[in-house]
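# Here's my sequence, what's the structure:
(chains A and B)
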Amino acid sequence: MNKAGFEELQHTADWALRVWAPDRAELFRQAALGMNTLMGLNFEEEAGGRVDLHLTAEDDESLLVSFLNEILFYLEIDRIGFEDFPLKLNGNRLDAELWGKPIRSIEKPIKAVTFHNLVVERGADGLEARLVFDV
Amino acid sequence: MIRIQDLHKISDYEWEIPKSYRQDMRVAVRLFVTRRLLEAALQDLSIEQAVNAATLPGVVEPVVVMPDMHQGYGFPIGGVAATRYPNGVISPGAIGYDINCGVRLLASTIPLEAAEERLDNLANALNHYCPSGVGSEGSIHLTTAELDAVCRQGARWALKKGMASEEDLRRTEENGCLEGADPGKVSQRAKQRGMAQLGTLGAGNHFIEVDVVDQIFDREAAAAMGLQEGMLTLMIHCGSRGFGHQICTDYVQDLQSAVKRYGIQLPDRELVCAPLDSPEGQNYLAAMRSAANYAFCNRQILAYHARRAFEEVFAGSGLRWQLHQVYDIAHNMGKVESHEVNGRKLKVCVHRKGATRAFGPGHPELPEVYKPIGQPVLVPGSMGTASWVLIGTEDSMTRSWGSTCHGAGRVLSRNKAKKDFRGERLRNELEQSGIHVRAGSMSGLAEEAPMAYKDVDEVVETVNGAGIARKVARLRPVIVIKG
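I've put the predicted structure just below:
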């Protein structure tokens, strides 16, 4: 198994994802990449603008949910998405410089990222989280 | 995992999980299901989520689950929980992200056989006038002041703009406007998302359908609603769009710290909540009501657009193209209501998530036309099958917090549905069976395949058998518009 990645889990009404990585920053990155894949984003060729994110939260789970919801917000308001998510985590603070690209199409949108049974924990493959998305 | 042995059978349509099942339960869970539907529900986490809901502080006996239940996040879809007002809690996750997602039904006197040749044009016109799809924007771009007015006035805002009638408002839950909305408690982000989306359908399981009244079961109630066998009707299913999603997102995040402040222990963080009389609870209530009013206004504007489509297609045909409103009802909402508990009136906040209000005959909140028969309940089925019109009963008032089912309920995951079905093939099959389909996304269409849902007729027979709603009419789709 790869050291970092994501896989879709079965969920009756919504979408769920298992994400794993050796460290927190990579875990957050994989979660965002997994969310892109679930939504079926298609990007335009042209480059978009830079988006700086500076987020703080009281724990890893809140920070992860905030980060992913931030991406959904830009997607809906500015119709831009991100092909990659280089980011830094320092305690409960997240800083990222993301390069947006206009979106050509989305197969299926996500309404929101939920806290449902969300725990960032150490498992057999390093850090792991299970996310449920409302669609 | 909960097993069938953990439940007590009360009747063929009613089961109970006693409070003793788990130590942290404050009340029992009452399920309106047949054994078959119960066995299906035990396959996912919906019943466990109902047990979790029974731990909410201030929850009043019982938490209720409908036969269309399925696993959600935090709270099951098809769940109803009433919390004591004002010292119980309110939980945004128990209402959902699509605040006031609901259904509106309009009826016509156009016979199907007279309209058949024009149905393709009607599908095109509805698709043209009613914007749908991911992040769709409508023709209305609100200023901040206008958005605030929508939050306060709900569907009445559309009346002032010439897009509604007084009769439309009378035949809408709460007359299309919840008191106590405060847009000052809504974030700028939510407002940004709400400004361009009023009058749009969106994507997901939302739809506009033209149906034909296939069968009538209660002639008196159908007559009061203006439903006639063989005539066309129009159904709109959508909610508060990105505006409501952002409000729920904001408050689920904000209340994560509130639960610690108030010393509330929860089995799932998605159930975060705050006491109704706390500043946090009051703020959410005011913001949630703003989203609810936005949704009432949204469905009203979509109805206005749908009427334009009917006029364009049927004007000059000799057919009366007018659509009159049957009712508009929410199925994701938190409402402060008065209910009789152990012979005494009790004020509670009823959380309905994927459950429909179903007030019985004589209820003071019903419009005059429906007081003798009870409140219309609109139950959309899965795409291409059937939808139902029911009415609330005296029993729904005493046994299910004045609530009943809201739809068919999923049985198959979206992931599995996408693997098993192809959108193009499904569209062709629906077209061959005489249903005109307009869909923005083929994979989205595949996820909503009828086979991914329970049999809506079985769900309706269950609530009818349990006595928490009564059958009025069955509708059969002839046009489906999906985002």
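
# In chain B, which residue sits closest to chain A?
Chain A sits closest to residue B:73 of chain B, with a gap of 3.5 Å, by CB to the nearest CB. C-beta coordinates here come from the backbone N, C-alpha and C atoms, glycine included.

# interface residues of the stretch 51-200 of chain B facing chain A?
When proximity is defined by CB under 8 Å from any CB of the partner chain, the stretch 51-200 of chain B lies next to chain A at B:70-74, B:77, B:93, B:96-98, B:134-135, B:189, B:192-193.

# before we move on, back to that, hang on, the residue of chain B closest to chain A packs against residue A:113?
No: Residue B:73 sits out of contact with residue A:113 when judged by CB atoms under 8 Å, with a separation of 9.8 Å.

# can you count the residues close to residue B:120?
Burial of residue B:120 is recorded as 12 neighbouring residues (other CB atoms under 10 Å in any protein chain shown).

# cool, residue B:10 as well?
Residue crowding around residue B:10 was assessed by other CB under 10 Å; the count is 13.

# ok so it is a helix residue?
No: assignment of residue B:10 by DSSP: H, G, I helix; E, B strand; the rest coil gives strand, placing it outside any helix.

# Not counting its neighbours along the chain, what's nearest it?
Nearest residue to residue B:10 in three dimensions, chain neighbours excluded: residue B:16, at 5.8 Å (CB to CB, 6 or more residues apart in numbering or on different chains).

# Equivalent analysis for residue B:27, please.
Nearest-residue entry for residue B:27: residue B:61, 4.1 Å, with adjacent residues in sequence omitted and distances by CB to CB, 6+ apart.

# From residue B:342, how far off is that neighbour?
Taking CB to CB, to the nearest Å as the measure, residue B:61 and residue B:342 are separated by 9 Å.

# Kindly report the same for residue B:48.
Residue B:48 sits 28 Å away from residue B:342, taking CB to CB as the criterion.

# Looking at the two, which is more packed in?
Ranked by neighbour count (other CB under 10 Å), residue B:48 and residue B:342 place residue B:48 first, with 18 against 6.

# Look up the pLDDT of the residue in chain A that chain B sits nearest to for me, please.
Minimum separation of chain A from chain B (CB to the nearest CB) falls at residue A:116, amounting to 3.5 Å. In this model, residue A:116 is scored at 93, pLDDT.

# Counting neighbours, what do you get for the nearest residue to it once chain neighbours are set aside?
Across the structure, with CB to CB, 6+ apart as the measure, the residue nearest residue A:116 apart from its sequence neighbours is residue B:73 (3.5 Å). For residue B:73, the count of nearby residues is 30 (other CB under 10 Å).

# Tell me how many other residues surround residue 70.
Chain wasn't specified; assuming chain A. As a burial measure, the neighbour count of residue A:70 was computed by other CB under 10 Å and equals 19.

# Hmm, no, I was thinking of chain B.
Around residue B:70 sit 28 other residues, with neighbours defined as other CB under 10 Å.

# Which residues does it form beta bridges with?
residue B:77 (DSSP bridges).

# where exactly do the strands run in chain A?
Counting by DSSP state E, one finds strands in chain A at the ranges A:5-9, A:15-21, A:41-43, A:50-56, A:80-82, A:87-90, A:93-106, A:112-113, A:121-123, A:126-134.

# so how far is the second one from its chain's centroid?
Meaning strand A:15-21. The offset between the C-alpha centroid of strand A:15-21 and the centroid of the whole chain comes to 10 Å, using CA atoms, centre = their mean, to the nearest Å.

# Leaving out sequence neighbours, find the closest residue to the most centrally placed residue in chain A.
For chain A, the residue nearest the mean C-alpha position is residue A:32 (2.2 Å; CA atoms, centre = their mean). With CB to CB, 6+ apart as the criterion, residue A:32 has its nearest non-adjacent residue at 4.4 Å, and that residue is residue A:85.
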